[in-house]
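>>> Can you look at this prediction? I've put the sequence above it.
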Amino acid sequence: MRVEQLYTGCLAEAAYYIESNGEAAIIDPLRESTPYLKLAKDDNAKIKYIFETHFHADFVSGHIDLARKTGGKIVYGPTATPNYDVIVAEDNQIFEIGNVKIKVLHTPGHTMESSTFLLIDENGNDHAIFSGDTLFLGDVGRPDLAIKSDVTKEDLAGLLFTSLRERIMPLSDSLIVYPGHGAGSSCGKNMSKETVDTLGNQKKTNYALREDMTKEEFVSEVLTGMLPPPQYFPLNAMMNKDGYESIDDVMHRGDRALNVTEVKELMQNDEYIVLDTRHEMDYGKGHIPGSWFIGLDGNFAMWVGIIIQDIKQKIILVAEEGREGEALTRLARVGYDNTRGYLEGGFSAWFEHGEPTETERQLSAKMFSKFHCENDIKTLDVRKPSEFDAERVSDAISFPLDYLFDHLDDLDKDETYYLHCAGGYRSMSTIAILKNQGFKNLVNINGGFDEIKLTDVPRTEYVCPSTL
């Protein structure tokens, strides 16, 4: 028996490959099929089943394409109603993969169809659970993402409490827990950076598995501090439920080299945006006027889903040469399927062609420290509220990138703002958006709060030395 976790940091998502005696199963695959096909080919195995723990909201699953390419059967838990052919399993139904078995445990709560898959090894022993978004390490799945559901988040939280106590907690402490997500995912609020643990350790450390917890306490704790989900979540969930275009077609359409003249012509059409995926420092030094910034070297797919409000948006890519395909794939993972090409030669081609460019004002954390102590300035902290609450520049204004479009009217377009996040990535994305909304006086603090903490800028309980 072989079990392999395929963890994708960009989405904080875990897919799984299980192989036994020439047969394989995939659990919660990402949209691209190649990694799973290669694993099966290397093992000389046939993919027999593709198991889906639920209708994912934060990415487009690869189950439909993978089934089409392999003949494997898609399996959902009870109550699932997708608009394509699948096996809707019964609770406790068992599926055989070579010499091992997978048992379906219906665990509603995150969504109504949510299920946990129990892996039984060659000797008939319970080996591991693939818990999807029912149980994370340190947390549980948020109960407010069920699409077109007539139950409330309180109802779902109550169902999740019962699922955990009746289906998960009675299992052996020695079981391996393979969750669907890790730290950074918006599917929970307190996930561990670890991606594998034992159930016994989770019973000791996970707040949601406390034995003395009442249902009312559980519901309250799960819902407390839960931020609104990103706007693309219900759109991805519907794509997973209703079906979607083949990723091969999406890649073929987007993998088109455009020269500078062609990009300029497309930019005359308001239906298109230019998305620059280079490093934030490179973007700051020079970029196409009006372009958006979301760098590939961050949680790219997640931020695309949060920042680009229209999932059908037509996109022109500016990427580092050789990384255009990576950008296309990661856009498709969250359902952004309308990339219409990329600038051949990247930003260098635009610059060498003599086209207009823009730069962004950038300031080192050290210079920001000096300037902050000597002037009355407005600092925008674009990190998540939880990061802001933990520690911050004492007079900073919380302005999370996650919810920027809901609060544009809170800012003055004539004011000068100094922006930072943790490292510089999110603040540069914020600047790109604000400039397209008519803001002009924006300064990015290089290195973000990570560098600010090394200076004398007053933070929460700190005092600037010059004021002592």
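Arrived safely.
>>> Could you look up the SS state of residue 32?
Three-state call for residue 32 (DSSP: H, G, I helix; E, B strand; the rest coil): coil.
>>> What's the local residue count around it?
19 (other CB atoms under 10 Å). (Each C-beta comes from the backbone N, C-alpha and C, glycine too.)
>>> hang on, it packs against residue 247?
Yes. The criterion here is CB atoms under 8 Å, and residue 32 meets it with residue 247 at 6.0 Å.
>>> between the two, what contacts are shared?
62, 329, 332 (CB atoms under 8 Å, 6 or more residues apart in numbering).
>>> in which helix or strand would I find the nearest residue to residue 316 once chain neighbours are set aside?
Leaving aside its chain neighbours, residue 316 sits nearest to residue 274 (4.9 Å; criterion: CB to CB, 6 or more residues apart in numbering). Here residue 274, judged by DSSP states H and E, is contained in strand 272-276.
>>> so how far is that strand from its chain's centroid?
20 Å (CA atoms, centre = their mean, to the nearest Å).
>>> Let's see it as CSV, backbone CA atoms only.
Output of strand 272-276 as CSV, limited to C-alpha atoms (Å, rounded to 0.1, in the frame of the first residue of the first chain):
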residue,chain,number,x,y,z
TYR,A,272,-9.4,42.9,-20.5
ILE,A,273,-7.1,43.5,-17.6
VAL,A,274,-3.3,43.1,-17.6
LEU,A,275,-2.2,40.8,-14.7
ASP,A,276,1.5,41.1,-13.7
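>>> Could you list the buried residues of whichever helix or strand comes after that strand?
Next helix or strand after strand 272-276 toward the C-terminus (DSSP H and E): helix 280-285. By neighbour count on 16 or more other CB atoms under 10 Å, the buried set for helix 280-285 is 280-281, 283-284.
>>> Quick one: end-to-end distance for stretch 106-117.
One end of stretch 106-117 to the other measures 9 Å (CA to CA, to the nearest Å).
>>> Kindly report the same for stretch 286-302.
So stretch 286-302: terminal residues 24 Å apart, CA to CA.
>>> Show me which positions of that stretch end up buried.
287-288, 291-296, 298-302.
>>> One more: stretch 95-110?
For stretch 95-110, the buried set under the neighbour-count rule, 16+ other CB under 10 Å, comprises 95, 97-98, 100-110.
>>> related to what we said a few turns ago, what's the pLDDT at the residue nearest to residue 316?
Turning to residue 274, the model gives it a pLDDT of 98.
>>> how far away is it from residue 177?
Residue 274 is 43 Å from residue 177, where distance means CB to CB, to the nearest Å.
>>> again with residue 81
From residue 81 to residue 177 the distance is 28 Å (CB to CB).
>>> before we move on, what about residue 390?
Distance of residue 390 to residue 177, given as CB to CB: 27 Å.
>>> So between the two, which is more surrounded?
Taking other CB under 10 Å, residue 390 and residue 177 do not tie; residue 177 has more neighbours (24 against 10).
>>> Figure out how far the host helix or strand of that one is from the centre of its chain.
Taking DSSP H and E as the definition, residue 177 sits inside strand 176-179. For strand 176-179, the distance from its own C-alpha centre to the chain's C-alpha centre is 19 Å (CA atoms, centre = their mean).
>>> and it, what other elements does it pack with?
With contacts taken as 3 or more CB pairs under 8 Å, 6 or more residues apart in numbering; DSSP states H and E, strand 176-179 sits against strand 13-20, strand 126-132, strand 197-198, helix 199-205.
>>> Pull the residues that contact it.
With CB under 8 Å, 6+ apart as the test, strand 176-179 has contacts from 3, 5, 14, 16, 127-132, 135-137, 191, 195-199, 202.
>>> Format the buried residues of stretch 286-302 as TSV; extra columns: pLDDT.
Formatted as TSV, these follow (pLDDT from 0 to 100):
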residue	pLDDT
287	98
288	98
291	98
292	98
293	98
294	98
295	97
296	96
298	87
299	89
300	94
301	91
302	90
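>>> right, and out of these, which lies closest to residue 153?
Nearest to residue 153, judged by CB to CB, of the buried residues of stretch 286-302 is residue 302 at 21.7 Å.
>>> Tell me the spacing between the closest one and residue 60.
For residue 302 relative to residue 60 (CB to CB), the value is 13 Å.
>>> Identify each buried residue in the helix or strand residue 36 falls within, please.
Per DSSP H and E: residue 36 is located in helix 34-42. For helix 34-42, burial by neighbour count (16+ other CB under 10 Å) applies to 35-36, 39-40.
>>> Of these, which is the nearest to residue 325?
When the buried residues of helix 34-42 are compared for distance to residue 325 (CB to CB), residue 35 wins out at 14.3 Å.
>>> Now render the helices and strands packed on strand 176-179 as CSV, adding mean pLDDT and mean neighbour count.
Below are the helices and strands packed on strand 176-179 laid out as CSV (pLDDT from 0 to 100; neighbours: other CB atoms under 10 Å):
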stretch, mean pLDDT, mean neighbour count
strand 13-20, 98, 24
strand 126-132, 98, 24
strand 197-198, 98, 18
helix 199-205, 97, 16
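>>> rewinding a little: turn the shared contacts of residue 32 and residue 247 into TSV, columns for pLDDT and secondary structure.
Below are these laid out as TSV (pLDDT from 0 to 100; DSSP: H, G, I helix; E, B strand; the rest coil):
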residue	pLDDT	secondary structure
62	97	coil
329	96	helix
332	97	helix
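>>> how many other residues sit next to the residue nearest to residue 31 when sequence neighbours are not counted?
Once flanking residues are discounted, residue 31 sits nearest to residue 62: 4.4 Å by CB to CB, 6+ apart. Neighbour count for residue 62, taken as other CB under 10 Å: 25.
>>> do residue 113 as well
23.
>>> That one contacts residue 82, doesn't it?
No. Contact between residue 113 and residue 82 fails when scored by CB under 8 Å: they sit 9.2 Å apart.
>>> if we can go back for a sec, ok, of the buried residues of stretch 286-302, which one's closest to residue 356?
Distance to residue 356, by CB to CB, is smallest for residue 288 among those, at 8.2 Å.
>>> ok, now which ones touch the closest one?
By CB under 8 Å, 6+ apart, the residues touching residue 288 are 263, 274, 276, 318, 347, 350, 355, 357-358.
>>> Show me just the buried residues among those.
263, 274, 276, 318, 347, 350.
>>> Tell me, domain by domain, which residues of this protein belong where.
Here the domain parsing of the chain from automatic domain parsing is 2-234, 245-352, 361-467.
>>> so how far is the first one from its chain's centroid?
This points to domain 2-234. Put simply, domain 2-234 sits 16 Å off its chain's centre (CA atoms, centre = their mean).
>>> Straight-line length of that domain, end to end?
Per CA to CA, the first residue of domain 2-234 is 34 Å away from its last.
>>> what's the least confident stretch among the domains of the chain?
domain 361-467 (a mean of 90).
>>> Off-centre distance for that domain?
24 Å.
>>> what residues are up against the residue nearest to residue 140 when sequence neighbours are not counted?
The spatial neighbour of residue 140 that comes closest, neighbours along the chain excluded (CB to CB, 6+ apart), is residue 208 at 4.5 Å. Neighbour list for residue 208: 135, 139-140, 164, 218, 221-222 [criterion: CB under 8 Å, 6+ apart].
>>> what about 7 Å?
By CB atoms under 7 Å, 6 or more residues apart in numbering, the contact set of residue 208 is 139-140, 164, 218, 222.
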